[in-house]
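S.K.: give me a 3D structure for the following:
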Amino acid sequence: MTTMAQALNTALREAMDEDERVVMFGEDVGTLGGVFRITGGLAAKFGDDRCFDTPLAEAGIVGFAVGMAMGGFRPVVEMQFDAFAYPAFEQIASHVAKMRNRTRGQVELPLVIRIPYAGGIGGVEHHCDSSEAYYAHTPGLKVVTPATVEDAYSLLREAIDDPDPVVFMEPKKLYWSKSDIEHLERTDPFGRAAIRRPGRDATVVAYGPSVPVALEAASAAADEGWDLEVIDLRTIVPFDDLTVSASVRRTGRCIVISEAAGFAGVGAEIAARVQERCFHSLQAPVLRVTGFDIPYPPPMLEHHHLPNVDRVLDALDRLQRDDQPDTRYLGGAA
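M.R.: Alright, predicted model coming up:
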């Protein structure tokens, strides 16, 4: 059995083996191997000039990575937790995302920013957050979030190979998910969603930590006579409109699941794109099942905040009713 954490470690090790320009650095990623041990053993294998610890200064970490990427390296940096990355956001938005455009394509930034994100581990404040919308809304960044062991390996390999900056968002609660795959191999490239479960009655669109929830909800819905199709986006940017739209046109209904707050989130963008492209095929409004529009709650309240099977099934029930309320997502203040 291989865990997602092990798959990510393998992807880093193989990339560093194949290309001496690949370097890994961040807070405690060297000797300790990172808080989640994703970089375990890399410093011992490649030396502390290719896998090393940095000061606790996220803006400095990303700024240093920008310089290294401009100098011919392919840096991979770790933001120890999602909310720890915010001090680096100015570097990301002002420099990482804009360098190619600013130089009219003359300067590439082959840079990967790894961010353990989202909930499900009972983390305290600043240790659990769903920050994907900030990056997805920043032109010039590719935003990736795997939901399977196989994709964790493949997407990280592709991110490291990519000539442009990639924000690689790793669902913390899935680090310990397992697969019985014997050999890790490349899967689909960026921009291709995966149909994790085919169905005919409604499309459920999810990404990262919400994919297992979608699959569990689809299994529960089958007991009630609903055949749900589950789509795993894999990459938020680029977005696979083709797969999502084709599915919704077949099923006529759509539910979007996202741990982040519903207002102005990635789920809202997905709902808007489905509405624009599939309006005449929709038999009901597009519904969103999201986190609430509040700061991330304390650990004891986390299970109330995160989307779960019951909330997805409730949305499915609303798709059958004519008395749709004004608010179209099961989150926020509604």
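
S.K.: okay, CA-based contacts and neighbour counts for the rest of this
M.R.: Fine.

S.K.: any chance you could map the strands in the stretch 201-334 of the chain?
M.R.: 202-206, 228-232, 235-237, 254-261, 287-291, 329-330 (DSSP state E, counting those that start in this stretch).

S.K.: wait, which of those strands is closest to Met169?
M.R.: Nearest to Met169 among those is strand 235-237; the distance by C-alpha to C-alpha comes to 9.8 Å.

S.K.: for that closest one, the averaged confidence score.
M.R.: On average, the pLDDT along strand 235-237 is 98.

S.K.: please name the strands paired to that strand in the sheet, noting orientation.
M.R.: Here strand 235-237 has these sheet partners by DSSP bridges: strand 142-144 (antiparallel).

S.K.: following element in sequence after the strand it pairs with, please.
M.R.: helix 149-161 (DSSP states H and E).

S.K.: go through that following helix and flag the buried ones.
M.R.: 149-161 (16 or more other C-alpha atoms under 10 Å).

S.K.: using PDB, write out every CA atom in stretch 301-319.
M.R.: In PDB, the C-alpha atoms belonging to stretch 301-319 read as follows (Å, rounded to 0.1, in the frame of the first residue of the first chain):
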ATOM      1  CA  LEU A 301     -16.500  22.700  15.600                       C
ATOM      2  CA  GLU A 302     -14.700  21.600  12.400                       C
ATOM      3  CA  HIS A 303     -17.100  18.800  11.600                       C
ATOM      4  CA  HIS A 304     -20.100  21.200  11.600                       C
ATOM      5  CA  HIS A 305     -18.200  23.500   9.100                       C
ATOM      6  CA  LEU A 306     -17.000  21.000   6.500                       C
ATOM      7  CA  PRO A 307     -19.300  19.600   3.800                       C
ATOM      8  CA  ASN A 308     -20.500  16.100   4.600                       C
ATOM      9  CA  VAL A 309     -22.700  13.500   3.000                       C
ATOM     10  CA  ASP A 310     -25.900  14.700   4.700                       C
ATOM     11  CA  ARG A 311     -25.500  18.200   3.300                       C
ATOM     12  CA  VAL A 312     -24.800  16.800  -0.200                       C
ATOM     13  CA  LEU A 313     -27.900  14.600   0.000                       C
ATOM     14  CA  ASP A 314     -29.900  17.600   1.200                       C
ATOM     15  CA  ALA A 315     -28.800  19.500  -1.900                       C
ATOM     16  CA  LEU A 316     -29.800  16.500  -4.000                       C
ATOM     17  CA  ASP A 317     -33.200  16.600  -2.400                       C
ATOM     18  CA  ARG A 318     -33.500  20.300  -3.200                       C
ATOM     19  CA  LEU A 319     -32.700  19.600  -6.800                       C
END
